[in-house]
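# Okay, sequence plus prediction incoming.
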Amino acid sequence: MRVMEWEIKMSKLCNLRCTYCYEFEELDDRRRISLDGWRAILESARWYQHELERQNPDEEITTRFVWHGGEPSMLPLSYFEQVLALEREVLGAENINTVYHNHIPTNLYAVPPRLQEFWEREQFVIAVSYDVYDGARVNTAGQQTGAKVGENIRRRLAAGRRMGCNTVLNAYNVEHLLDIYEHLKDLNDNNPGSLYWTIIPLHKTSTDDGNAEFSLTTKPIVDVLGQLFERWLDDPQGLLIQPLQEHYLSLMRQLTRSEKYYFSRRAYGESSLMVNTDGHVYVFNGEYEMSESLGCIFDQPLSELRQGERYRASLERQDALEARFCHGCPHDGYCNRAPVVSAYRNGAQGRCAIAYPLQQRMLEILARRGMTAETLQAPVLPVIPQLKYLTAAA
């Protein structure tokens, strides 16, 4: 199944002031995407959904709208109701939650109960930002938020909800990552609901000059993710963890000598686009650089933007990035090239700063457990841990 993701920066307004936030300078901005703006986005999303279906008739295609901020819950319930009504008008009511899905990342610090009920009723997929250990995630008064968010997560899980948990790996929590895993495991295993975990290594934030209290170099990130990978392999009831699951799958494809596939936007098209509050569209790693905008979707539909000079320039930038980091890499053809988004981290040269050394570390760990290219070609296979996640992701 192929998923096309639209990350919609509906508003930058937020009730927290997380010190590593890449939107930090705009968190008190009350501007929001208008209904006319949403209509333009939805019409382009519908066009691209149909275009992907036409190009890939044998593949299931879905579109995901990620309502991003800021903090989405700062906007009133009426705004959500109006946009959902517009979705049904433009996309077709029968296609909502079948072809088109709504996702919402939230800090879950003070989400009004009626809005939470609306998200549940409309089947929004919810992911909560939760670093567990205090430090960077503070409210507008500078107070720590972890305890309150943790209790709100526990309350949702106790009510039987499934949810994601997004943890930014930073200097405050990097030494505690295995403890965080156990904490989330405890929440997951002792409540009717369930959660999955995404770890986001800190990178590319405007407030990080390398010397901030939350700053983190590459080595401790790779070290702790390697330790977590070993812990996860040993856990028969392990959580679903990204990016470890994705890396594990690509490495298993490499070790089993599966057919290589070289991802290319020129051939494949888009898998993720970000729409800023002003309507400018970026490939996900465009970082709001106006020179890298594909254009304004409020003024031109995606069908026209993809024919423009800015789009051609974005393809050339992607080609150059992949030539710099991917060509000649032993993992290329198995990795989906998504890690190039963070390849510039700490001035990396030659290979992706985090993904490459991490995958090398993971290969060493697998080899110590008897999982090599040779043993995986043998008549009797070694025990393959977390096989359920490999099968689900394949």
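Received the coordinates, thanks. Model, not experiment: these values are computed from the prediction. Numbering: from 1, shown residues only.
# How far off centre is the helix or strand harbouring residue 151?
Element membership for residue 151 (DSSP states H and E) is helix 146-158. Here helix 146-158 shows a centroid-to-chain-centroid distance of 21 Å under the convention Cα atoms, centre = their mean, to the nearest Å.
# do stretch 352-365 as well
On the basis of Cα atoms, centre = their mean, stretch 352-365 sits 19 Å off its chain's mean C-alpha point.
# Let the chain start at 25 from now.
All set: I'll call the first residue 25, so the last point we hit is now stretch 376-389.
# Next, the buried residues of stretch 179-189.
Of the residues in stretch 179-189, those buried under the neighbour-count criterion (16 or more other Cβ atoms under 10 Å) are 180, 181, 185, 187, 188, 189. Yep, even glycine has a C-beta here, placed from its N, CA and C like the rest.
# again but with stretch 32-52, I slipped
In stretch 32-52, counting by 16+ other Cβ under 10 Å, buried: 32-45, 47, 50-51.
# hang on, isn't residue 218 packed against residue 183?
No: Residue 218 sits out of contact with residue 183 when judged by Cβ atoms under 8 Å, with a separation of 11.9 Å.
# Not counting sequence-adjacent ones, nearest residue to residue 231?
Nearest non-adjacent residue to residue 231, counting by Cβ to Cβ, 6 or more residues apart in numbering: residue 48, 5.3 Å away.
# My error: substitute residue 285 in the last question.
Among residues not flanking residue 285 along the chain, residue 357 sits closest, at 6.4 Å (Cβ to Cβ, 6+ apart).
# distance of that neighbour from residue 283?
8 Å (Cβ to Cβ, to the nearest Å).
# for the chain, which spans come out with low pLDDT?
228, 308-311, 365-373, 416-418 (pLDDT under 70).
# now the helices for it?
Secondary structure of the chain (DSSP state H): helices at 59-79, 101-111, 137-145, 170-182, 201-213, 242-257, 268-279, 289-292, 326-329, 333-349, 379-392, 411-417.
# The third one: which residues count as buried?
Of all the residues in helix 137-145, those buried under the rule 16+ other Cβ under 10 Å are 139, 140, 143.
# Run the angle between it and helix 170-182 for me.
50 degrees (axes from the mean of the first three to the mean of the last three Cα atoms, to 10 degrees).
# Also the second one?
Counting by the same axes, to 10 degrees, helix 101-111 lies at 50 degrees to helix 170-182.
# Identify the residues contacting helix 101-111?
56, 59, 62-63, 66, 120, 124, 126, 136, 138-139, 142-143, 146 (Cβ atoms under 8 Å, 6 or more residues apart in numbering).
# give me that answer again for 7 Å
59, 62, 63, 66, 120, 124, 138, 139, 142, 146 (Cβ atoms under 7 Å, 6 or more residues apart in numbering).
# residues near the fourth one, how many?
Just to be clear, that refers to residue 66. Residues near residue 66, counting by other Cβ atoms under 10 Å, number 21.
# Excluding sequence neighbours, find me the nearest residue to it.
Ranked by Cβ to Cβ, 6+ apart and with sequence neighbours excluded, the top spatial neighbour of residue 66 is residue 114, at 4.3 Å.
# neighbours of the one you found, just the number please.
Counted with other Cβ under 10 Å, residue 114 comes out at 17.
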